[in-house]
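Peer 1: Any chance you could fold what I've pasted below:
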Amino acid sequence: MKTPLSTSCDASLKMNVATPERVLSVTGGAALLAYGVAQRSLGGTLLALAGGLLVYRGVSGRCEMYRRLGVDTAHYHDEYGVPGNKGINVEREIRIHRPAAEIYDFWRQLSNLPQFMPHLISVEERDERTSHWVVKGPAGTRLSWDAEIINEHPGEMISWQSLPGAQVENAGTIRFHSVEDGQSTDVRVSLQYYPPVGSAGAAVARVLGEAPEQQMESDLASLRDILEATEVAAGRGK
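Peer 2: Numbering: from 1, shown residues only. So this is what the prediction gives:
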């Protein structure tokens, strides 16, 4: 018969980290550990410690922070989008000097997205609603998932969510707001996602300069450059 103490120990030892997260925890943790050791400083020591914890997290499949928060990524990958409010939310906006309809059309052709998202390898449209995404992961790995468009209004907005089994659960909305008599557009992206190595992975990404906020700002700036350059080229051709 199990005692309350043994039951508590069993609960604390329960595996609660999904396999994709475990792989990324090991690779990301090892890289952070090596980087921290090479710094030969107090800050480097702290980074190395964080890397070691990530490696342990990946090898064991257990995360104490997840246990305290009641999170179990090893078992909820059968849900749509991001489960509950456990993800990270990012919002960014940019003004592009192109009509809203043109920007919407460019974005809606999902195969265009890798042109301004360097971390995105490919987007394959399966039908009008569903698509398959492949992105670059750490240490040369690749992450993939299927997604579906759940709401859209041509020229105004698109909303999507990942499908069950996604290695990166995500959901979001992009809105196109026409300004300046229709000659420019405020493009606003709201993204919610669950990082493949949890919130600890998001913290490591910030240390290494790969914060999602920075990525989104860079991606939107690249989108603006592409579309506004197209406008200039079209003007020269007239």
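Peer 1: Check the spacing between the most centrally placed residue in the chain and L32 real quick.
Peer 2: The geometric centre of the chain, computed from its C-alpha atoms, lies nearest to Y193 (C-alpha atoms, centre = their mean), at 5.4 Å. Going from Y193 to L32 by C-beta to C-beta, to the nearest Å gives 21 Å. C-beta here means a position set from N, CA and C on the backbone, and glycine is covered the same way.
Peer 1: so how far is the longest helix along the chain off the chain centroid?
Peer 2: In the chain, with assignment by DSSP state H, the single longest helix is helix 212-237. With C-alpha atoms, centre = their mean, to the nearest Å as the basis, helix 212-237 stands 21 Å off its chain's centre.
Peer 1: what helices or strands is that helix leaning on?
Peer 2: Judged by 3 or more C-beta pairs under 8 Å, 6 or more residues apart in numbering; DSSP states H and E, helix 212-237 is in contact with strand 88-96, helix 100-108, strand 184-193.
Peer 1: and the first one with helix 212-237, angle?
Peer 2: Note on geometry: by axes from the mean of the first three to the mean of the last three C-alpha atoms, to 10 degrees, strand 88-96 and helix 212-237 are set 20 degrees apart in direction.
Peer 1: distance of K136 from S111?
Peer 2: Taking C-beta to C-beta, one finds K136 at 17 Å from S111.
Peer 1: And for R188?
Peer 2: From R188 to S111 the distance is 23 Å (C-beta to C-beta).
Peer 1: With E152 instead?
Peer 2: Distance from E152 to S111, by C-beta to C-beta: 17 Å.
Peer 1: ok, these two, which is more surrounded?
Peer 2: Set side by side, E152 and S111 show more neighbours around E152, with 17 against 11, by other C-beta atoms under 10 Å.
Peer 1: what residues are up against the spatially closest residue to the more buried one that is not a sequence neighbour?
Peer 2: Spatial nearest neighbour of E152, excluding adjacent residues (C-beta to C-beta, 6 or more residues apart in numbering): I158 at 4.6 Å. Residues near I158 by C-beta atoms under 8 Å, 6 or more residues apart in numbering: Y104, W107, R108, I149, N151, E152, T173, I174.
Peer 1: centre of the chain versus the lengthiest strand in the chain, how much separation?
Peer 2: For the chain, the longest strand by residue count, based on DSSP state E, is strand 142-153. Computed by C-alpha atoms, centre = their mean, the separation of strand 142-153 from the middle of its chain amounts to 12 Å.
Peer 1: if we can go back for a sec, contacting residues around the residue nearest to the centre of the chain?
Peer 2: By C-beta under 8 Å, 6+ apart, the neighbours of Y193 are V82, G87, I88, V90, V168, E169, N170, A171, G172, P212.
Peer 1: How confident was the prediction at the second one?
Peer 2: This points to G87. The per-residue pLDDT reported for G87 equals 67.
Peer 1: how much space is there between the residue lying closest to A48 once chain neighbours are set aside and E21?
Peer 2: Closest residue in space to A48, ignoring its immediate chain neighbours: G36 at 3.1 Å, by C-beta to C-beta, 6+ apart. G36 is 21 Å from E21, where distance means C-beta to C-beta.
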